[in-house]
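**Student:** compute the structure for the input listed below.
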Amino acid sequence: MAINFPDSPTNGQEFTSGATTWTYDGTKWNLKTTTATTNDSMPVGSIMWFAGSATPTAWLPADGSAVSRTTYATLFAVIGTTYGVGDGSTTFNVPSVSATTGAYYIRYTTSIGTVTTTSLSTAPVGTLIDWPTASSFPTGWLEADGSAVSRTSYADLFSLIGTDYGVGDGSSTFNLPNFVSAGAPLKIIKASLGGTVEPSTVAHASSHEFGGSDVVTVDSRQVDYSAVGYPAYRNVIINGAMNVHQRGTNVTGITGNGYYTADRWVKYQDSLGTWTQSIENDAPTGSGFKKSLKMLCTTADAALSANDFILLQQSVEGQNMQHFLKGTSSAKKFALSFWVKSNVTGTYICEVEDVDNTRRVSASYSVNASGTWEKKTILFPADTTGAFDNDNARSFSLNFWLGAGSTYTSGTLSTSWAATNAANLAVGQTNLAAATNNYWQVTGVQLEPEVVTPFEFEPYETTLRKCQRYYQIVMNSETALYQTIGSQYIATAAFTRLFFPVTMRATPSVIDNTIRVGIYSAGIVVTSNGSIAVSYPDKQGLGINWATTGATAGRAVHVDWQSGSLHVSAEL
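**Tutor:** From the prediction side, this is the model:
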């Protein structure tokens, strides 16, 4: 939606549209910076982040401290002793909310000067704020808990976020964002219009998180929000849409560990059933996804032994995790989103792992409806202990548990970062292996700092090149060598070098070499259906050499692929 700004503005000129004021800086219009005195429309109990060093008027630091029940009677009436009883009679505790920079503050009075409003009617639809209690919400707001709500009753919000966070029942409902996280403040989302501010006129200008899926883009004469759109490469998970599957699309009889279908996804298990892993042309309707990874139990194991487990994992290089600032005072949260479908309802566990410092944190999610795609979001806490190594080795892993014995479930689920304790990793996990034909499917996996955003779709060739950093098919029937040039360095052996299309993470290992080639020199067949040996591999390529007969040293040769394949791996 465009805003019609004045023609030929002067530097410093202000322009007001509805409840929003803009300032011209000589080249473009900018939203006028909000000051501490403009938060008077926020109700008592609101929590905001503030970058300044001085506490704003009518606000208290949300640091868990005990304050007077009399002096802050209005706030006490809203939150009571939810966050602590104080001394039990004259004081009570405010919430404790950590901030990596700046600070969080809680509103304790409705009055700033002559203003006495407790309404949030002027906040834009899609705004997300922290709220201290689940017992009551301001008018026009809903809890951001991922629930399905009416498309008709909340038409304003639906027109803004659509089905980005879930399709609901596919026709009459849609899903809200889910910011429910153990130990985190309750979040509420503005669901209907009020006052004079339209959602598109403020877009991402609020200091609150914004639940919308797009930014306002207008012509060059007006404000262009494209510069503050979602950043590229924010998703550290590779192939989260399951589009790339160099190894194949269906593997049966799986009882061990390994990479089978979707690139970058490895399955680990210990004596828990037999499985088929496949890439399915099945994904949530209207989501933009077309494929999913499916785990199907073909031999059940209902009687779990202590050490039994099965999980799906993706690991990430340390140098690709640096922007989470883990191990610093500015550490960021780990925001995970994904789509899941299973015929087995119940509790499932997702876990993130700091490999470098042997620390982990887990979270549970629920499959609520059998055979139905559901979008899940999990906000794992920030961790100020232990930084990721800045190198190309495995520093981080994301684990989706599908079954676990008592070794991993006998403790208390670790919902805060802690040193690895196996008993706390998968407490409450459903046993997907309990019956034959049980299945679990996943797609749209995204992990990013701080806040969940819509999935970062990218071209197929981009995802493929990312995957080829870790695994490549050097030769097979689809990438066969024809007229490749080599050298007959001695009469009985020839050599050539192949260069990878993508530099690999590290010097790869050859994991499959069944190649048979024909070699020609000066019109003479010097090798027919010959095997090859790999030599001098590095991150950029490798050499291949083969035996010849009847050749002359020093001549050029060319190579024809005849059968087989050559695969290399530099997986983490």
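
**Student:** please name the residues that touch the residue nearest to the spatial centre of the chain.
**Tutor:** Note on the chain: the residue nearest the mean C-alpha position is Leu447, at 1.8 Å, using Cα atoms, centre = their mean. Contact analysis of Leu447 by Cβ atoms under 8 Å, 6 or more residues apart in numbering lists 235-237, 334-336, 352, 398. (C-beta placed from N, C-alpha, C; glycine too.)

**Student:** just put the residues you listed in JSON lines and tack on pLDDT, secondary structure and neighbour count.
**Tutor:** Below are the contacts of Leu447 laid out as JSON lines (pLDDT from 0 to 100; DSSP: H, G, I helix; E, B strand; the rest coil; neighbours: other Cβ atoms under 10 Å):
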{"residue": "Asn235", "pLDDT": "96", "secondary structure": "coil", "neighbour count": "18"}
{"residue": "Val236", "pLDDT": "98", "secondary structure": "coil", "neighbour count": "20"}
{"residue": "Ile237", "pLDDT": "98", "secondary structure": "coil", "neighbour count": "20"}
{"residue": "Phe334", "pLDDT": "96", "secondary structure": "strand", "neighbour count": "25"}
{"residue": "Ala335", "pLDDT": "94", "secondary structure": "strand", "neighbour count": "20"}
{"residue": "Leu336", "pLDDT": "95", "secondary structure": "strand", "neighbour count": "21"}
{"residue": "Val352", "pLDDT": "98", "secondary structure": "strand", "neighbour count": "21"}
{"residue": "Leu398", "pLDDT": "98", "secondary structure": "strand", "neighbour count": "24"}
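
**Student:** doesn't the residue nearest to the centre of the chain lie inside a strand?
**Tutor:** Yes - the assignment for Leu447, made by DSSP: H, G, I helix; E, B strand; the rest coil, places it in a strand.

**Student:** against Gln441, how distant is it?
**Tutor:** Distance of Leu447 to Gln441, given as Cβ to Cβ, to the nearest Å: 19 Å.

**Student:** repeat that for Ala302.
**Tutor:** Distance, Ala302 to Gln441, using Cβ to Cβ: 21 Å.

**Student:** cool, and Thr276?
**Tutor:** Thr276 sits at a distance of 12 Å from Gln441 (criterion: Cβ to Cβ).

**Student:** those two: who's more crowded?
**Tutor:** Between Thr276 and Gln441, Gln441 has the larger neighbour count (other Cβ atoms under 10 Å), namely 22 against 17.

**Student:** which strand or helix spans that one?
**Tutor:** strand 439-449 (DSSP states H and E).

**Student:** okay, now the sheet partners of that strand, with direction.
**Tutor:** strand 292-299 (antiparallel), strand 334-342 (antiparallel) (DSSP bridges).

**Student:** what do Thr276 and Gln441 both touch?
**Tutor:** 294-295.

**Student:** that older thread, tell me how far the residue nearest to the centre of the chain lies from Val525.
**Tutor:** To Val525, Leu447 is 53 Å away according to Cβ to Cβ.

**Student:** from Thr377, how far off is the closest residue to Pro508 other than its chain neighbours?
**Tutor:** Once flanking residues are discounted, Pro508 sits nearest to Val568: 3.8 Å by Cβ to Cβ, 6 or more residues apart in numbering. To Thr377, Val568 is 36 Å away according to Cβ to Cβ.

**Student:** just Val44 next, same as before
**Tutor:** Relative to Thr377, Val44 is positioned 28 Å away (criterion: Cβ to Cβ).

**Student:** when these two are compared, which one has more neighbours?
**Tutor:** Thr377 (23 against 20).

**Student:** pretty sure the more buried one is in a strand, no?
**Tutor:** Yes - assessed with three-state DSSP, Thr377 lies in a strand.

**Student:** Leu572 and Gln319 touch, don't they?
**Tutor:** No - Leu572 is beyond contact range of Gln319, at 11.9 Å (criterion: Cβ atoms under 8 Å).

**Student:** tell me the contacts of Ala241?
**Tutor:** Ala241 makes contact with 289-291, 443-444, 455, 457, 463, according to Cβ under 8 Å, 6+ apart.

**Student:** export those as a markdown table, with columns for distance to Val85 and neighbour count.
**Tutor:** Shown next, in a markdown table, are the contacts of Ala241 (distance: Cβ to Cβ, whole Å; neighbours: other Cβ atoms under 10 Å):
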| residue | distance to Val85 | neighbour count |
| --- | --- | --- |
| Phe289 | 48 | 20 |
| Lys290 | 54 | 13 |
| Lys291 | 53 | 20 |
| Thr443 | 46 | 27 |
| Gly444 | 43 | 24 |
| Phe455 | 43 | 22 |
| Phe457 | 49 | 14 |
| Thr463 | 53 | 20 |
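
**Student:** reformat those as TSV; add distance to Gln429 and secondary structure.
**Tutor:** Shown next, in TSV, are the contacts of Ala241 (distance: Cβ to Cβ, whole Å; DSSP: H, G, I helix; E, B strand; the rest coil):
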residue	distance to Gln429	secondary structure
Phe289	25	coil
Lys290	29	coil
Lys291	26	coil
Thr443	21	strand
Gly444	22	strand
Phe455	26	coil
Phe457	31	coil
Thr463	30	helix
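
**Student:** which one among those gets closest to Val244?
**Tutor:** For those, the minimum distance to Val244 (Cβ to Cβ) is 5.2 Å, reached by Thr463.

**Student:** which strands border the strand or helix carrying Asn545, and is each parallel or antiparallel?
**Tutor:** For Asn545, the element it lies in under DSSP H and E is strand 541-547. Sheet pairing here is set by DSSP bridges, and for strand 541-547 it gives strand 493-499 (antiparallel), strand 533-535 (antiparallel).

**Student:** out of those, indicate the one that is most buried.
**Tutor:** Most buried of the strands paired with strand 541-547 by mean neighbour count (mean count of other Cβ atoms under 10 Å) is strand 493-499; its value is a mean of 18.

**Student:** so for that strand, what's the average pLDDT?
**Tutor:** Mean pLDDT, computed over strand 493-499, is 91.

**Student:** immediately after it, which helix or strand?
**Tutor:** Sequence-wise, the next helix or strand downstream of strand 493-499 (DSSP H and E) is strand 509-513.
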